[in-house]
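S.K.: Give me the fold of what follows.
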Amino acid sequence: MSIKNLFNKQKPVISFEVFPPNKNFTKEKLISVTAELAKLNPDFISVTYGAGGTNKSGTIEISSHIKNNLNIEVMSHLTCIGSKKEHIISYINEVKKHNIKNILALRGDIPQGNDESIYDLGDYRYSSDLIKDLKDDGNFSIGAAFYPETHFESNDIQDLIHLKRKVDLGADFLVSQIFFDNNKFFNFIEQAQKLDINVPLCAGIMPVTSVSQVKRITSLCKSSIPKKLEKILDKYGDNPESMQKAGFIYATEQIIELLANDVPGIHLYAMNKSEVAKEIMKNIDFIR
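M.R.: Okay, the predicted model is just below:
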């Protein structure tokens, strides 16, 4: 099923995100994790894709397993920075062979050791360029990303204009980067609607389980830490068990408020931890 059609149902779309196997996380372990996630009956699971195409085979393999063995809808990520068009076409054709119908189209981060000259090596500068090619192909439901606090390489209006272009070129739905302040998300939706960005905007939520995790995420995504979460980190950050429980509660409260305000989808960044998804799903089961 196309993910865009999931939003026609009269209930919120709930999804999880995993990353493909790497040297620290084996394929066998990930297969086990996805089996546990499937038991939670998500609407779909997304599988990430490394910058510059690293581990692309792992993305396809795990995506195919989720779709064809677990019978859960899947969304494969695809980044385009530094890529030639023939590489992207080859990847798209490979994805089709595995009956994968949904792609999250991303520019991708500039790989370590490179600078913006990497753009000159490929045929794509923005994710909107990739979205156009996917739309022209005609076989995919296309997702795109957005930053509720604006992209760290753009200002507010630039980010909204880029997002509008993604939608105009064919993005069917949007998935947010991680955020911890719902007011930032609500404000972004309000601004997006003023530009007639009317496709579903899904909220990307990551339960905080440690102080180091928050520091890593805020450095990557530039997500702000609201006072409420700051106090939780100060109070429970030195106690791993308490911090995890408090983090689950904070994320649950975020999700409840988002759904109460008719946000159409929740995208849970599970980070290959089925226990995180289980805890959150248990907490929100009464409102699904």
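S.K.: so how many other residues sit close to residue 262?
M.R.: Using other C-beta atoms under 10 Å, residue 262 is surrounded by 8 other residues. C-beta here means a position set from N, CA and C on the backbone, and glycine is covered the same way.
S.K.: does it count as helix, strand or coil?
M.R.: coil (DSSP: H, G, I helix; E, B strand; the rest coil).
S.K.: ok, residue 175 touching residue 105?
M.R.: No. Taking C-beta atoms under 8 Å as the definition, residue 175 is not a contact partner of residue 105, at 10.7 Å.
S.K.: Of the two, which one has the most company?
M.R.: Between residue 175 and residue 105, residue 105 has the larger neighbour count (other C-beta under 10 Å), namely 29 against 24.
S.K.: so how far is the helix or strand where that one lies from its chain's centroid?
M.R.: Element membership for residue 105, per DSSP states H and E: strand 102-106. Distance, stretch centre to chain centre, for strand 102-106: 10 Å (C-alpha atoms, centre = their mean, to the nearest Å).
S.K.: list residues touching both of residue 175 and residue 105?
M.R.: Here residue 175 and residue 105 have 143, 144 as joint contacts, going by C-beta atoms under 8 Å, 6 or more residues apart in numbering.
S.K.: Find the centremost residue of this protein, please.
M.R.: Geometric centre of the chain, nearest residue: residue 175, 5.6 Å, by C-alpha atoms, centre = their mean.
S.K.: Surely that one is in a strand?
M.R.: Yes. According to three-state DSSP, residue 175 belongs to a strand.
S.K.: What's the first helix or strand after the helix or strand of the chain with the lowest mean pLDDT?
M.R.: Lowest on mean pLDDT, DSSP states H and E among the helices and strands of the chain sits helix 211-221, with a mean of 84. The C-terminal neighbour of helix 211-221 among helices and strands, as given by DSSP H and E, is helix 227-236.
S.K.: Report the backbone C-alpha coordinates of that following helix in PDB.
M.R.: Provided in PDB are the C-alpha atoms of helix 227-236 (Å, rounded to 0.1, in the frame of the first residue of the first chain):
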ATOM      1  CA  LYS A 227      12.800  24.000  30.200                       C
ATOM      2  CA  LYS A 228      10.700  21.000  31.200                       C
ATOM      3  CA  LEU A 229      13.000  18.500  29.500                       C
ATOM      4  CA  GLU A 230      16.100  20.400  30.800                       C
ATOM      5  CA  LYS A 231      14.900  19.900  34.400                       C
ATOM      6  CA  ILE A 232      14.300  16.200  33.800                       C
ATOM      7  CA  LEU A 233      17.800  15.800  32.500                       C
ATOM      8  CA  ASP A 234      19.300  17.700  35.400                       C
ATOM      9  CA  LYS A 235      17.200  15.700  37.900                       C
ATOM     10  CA  TYR A 236      17.500  12.200  36.500                       C
END
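S.K.: Is residue 266 inside a helix or a strand, and which specific one?
M.R.: strand 265-269.
S.K.: ok now that strand, how far from the chain's centre?
M.R.: 7 Å.
S.K.: model confidence over the helix or strand that that strand is followed by, on average?
M.R.: Following the chain from strand 265-269 toward its C-terminal end, the next helix or strand by DSSP H and E is helix 274-284. Mean per-residue pLDDT for helix 274-284: 97.
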